[in-house]
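Asks: whatever this is, show me its structure:
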Amino acid sequence: MLSPLLMAAIAAQVVEDGFSKLQILLQQLIDWGVSAGGRIIGAIIIFVVGRFLISFLRKILSGVLAKRDIDAGVQTFVKSLVNILLTILLIVAVIGKLGVETTSFAALLASAGVAIGMALSGNLQNFAGGLIVLLFRPFKVGDWIESQGVSGTVREIQIFHTILTTADNKVIYIPNGALSSGTVTNYSREDTRRVDWVIGVEYGENYDKVESTVRRIIADDSRILNTPEPFVALHALDASSVNVVIRVWVKSGDYWGVYFDMNKNIYSVFNKEGIGFPFPQLTVHQAKD
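Replies: Now for the predicted structure:
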């Protein structure tokens, strides 16, 4: 058996060895913490400075594009693209500062490129659609368009989406892929538009009087163009009304103002002239005994 003194010496040596290992472990943790803390602080500084520089460069780019009088749709597209690319570069720089090998990171992205491309195939199509929209320019910022069952004023043409603002101030995002491959109606492309009405009057009304009254109302509105000449004709003999078609040309910006004002003026003048508007009627004939 070991003597008590030898056992005590062995126990003391074990404690000392354990304490030494603990000191080494603590020192390693402290060194790692200092190193990691430095990298984290450096990454935070890079991120903050990078965001500031991206914002600064975007302002410079906006000023350059505005001075060159480049189309607003192209401006929003380019600014959105530059912002995404610079943000990706910033993320790579931050990851590199944290100690991750950027070459390994790039290889990882390259190996995942096919999968990402398949997952984002819709967005890639939208990106290509945005380029097509900017190249062929079926519309521009400020135009009123109708597509995909919605209509509104084009507010921005971004990388993946075109933003519309509706008449009741809703914001609609339409994928560029759908816009480039679908039907788009541009109401602002031409300087003039035709306004149509079909007005019903009662049977028995003097058509010549109706036509002359309509032409007088048209002549009183200076917004209606003389070329092409306004058109008024008997459109159809309907079940309970004689329908008169009216077609005039106006500047595109006057379309809705003329449309609603003509409705009001026709109703008012027809009432003054004694021209009756039809309403549903049912004539019942009673057989005599």
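Asks: stretch 257-275 - what's its average pLDDT?
Replies: Model confidence over stretch 257-275, given as mean pLDDT, is 94.
Asks: let's number from 105 now, not from 1
Replies: Let's use 105 as the start, then, which means that last one is stretch 361-379.
Asks: which of the residues in it are buried?
Replies: 362, 366, 369, 370, 374, 379 (16 or more other CB atoms under 10 Å). Glycine gets a C-beta too; all of them are placed from N, C-alpha and C.
Asks: I'd say residue 313 and residue 379 touch.
Replies: Yes: with contact defined as CB atoms under 8 Å, residue 313 reaches residue 379; the gap is 7.1 Å.
Asks: which secondary element of this structure has the worst mean pLDDT?
Replies: In the chain, no helix or strand scores lower on mean pLDDT, DSSP states H and E than helix 217-223, which sits at a mean of 53.
Asks: now do the helices in the protein.
Replies: Here the chain has its helices, by DSSP state H, at 108-171, 176-201, 206-215, 217-223, 225-240, 280-285, 311-323, 359-377.
Asks: what does stretch 157-177 rub up against?
Replies: Here stretch 157-177 makes contact (CB atoms under 8 Å, 6 or more residues apart in numbering) with 178-179, 182-183, 186-187, 190-191, 194, 237-238, 241, 244-246, 258, 260-261.
Asks: may I have that stretch as CSV, with CA atoms only?
Replies: Extracted C-alpha coordinates of stretch 157-177, given in CSV (Å, rounded to 0.1, in the frame of the first residue of the first chain):
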residue,chain,number,x,y,z
LEU,A,157,-20.8,54.1,-49.2
ILE,A,158,-23.6,52.3,-51.1
SER,A,159,-26.0,55.1,-50.1
PHE,A,160,-23.5,57.7,-51.2
LEU,A,161,-22.8,56.0,-54.5
ARG,A,162,-26.5,55.6,-55.2
LYS,A,163,-27.0,59.4,-54.7
ILE,A,164,-24.1,60.1,-57.1
LEU,A,165,-25.6,57.6,-59.6
SER,A,166,-29.0,59.2,-59.3
GLY,A,167,-27.5,62.6,-59.9
VAL,A,168,-25.6,61.4,-63.0
LEU,A,169,-28.7,59.7,-64.5
ALA,A,170,-30.9,62.7,-63.8
LYS,A,171,-28.4,65.1,-65.4
ARG,A,172,-28.2,63.0,-68.6
ASP,A,173,-32.0,63.1,-68.8
ILE,A,174,-32.3,59.3,-68.9
ASP,A,175,-35.8,57.8,-68.9
ALA,A,176,-37.2,57.4,-65.4
GLY,A,177,-37.8,53.7,-65.9
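Asks: many thanks, have a good one.
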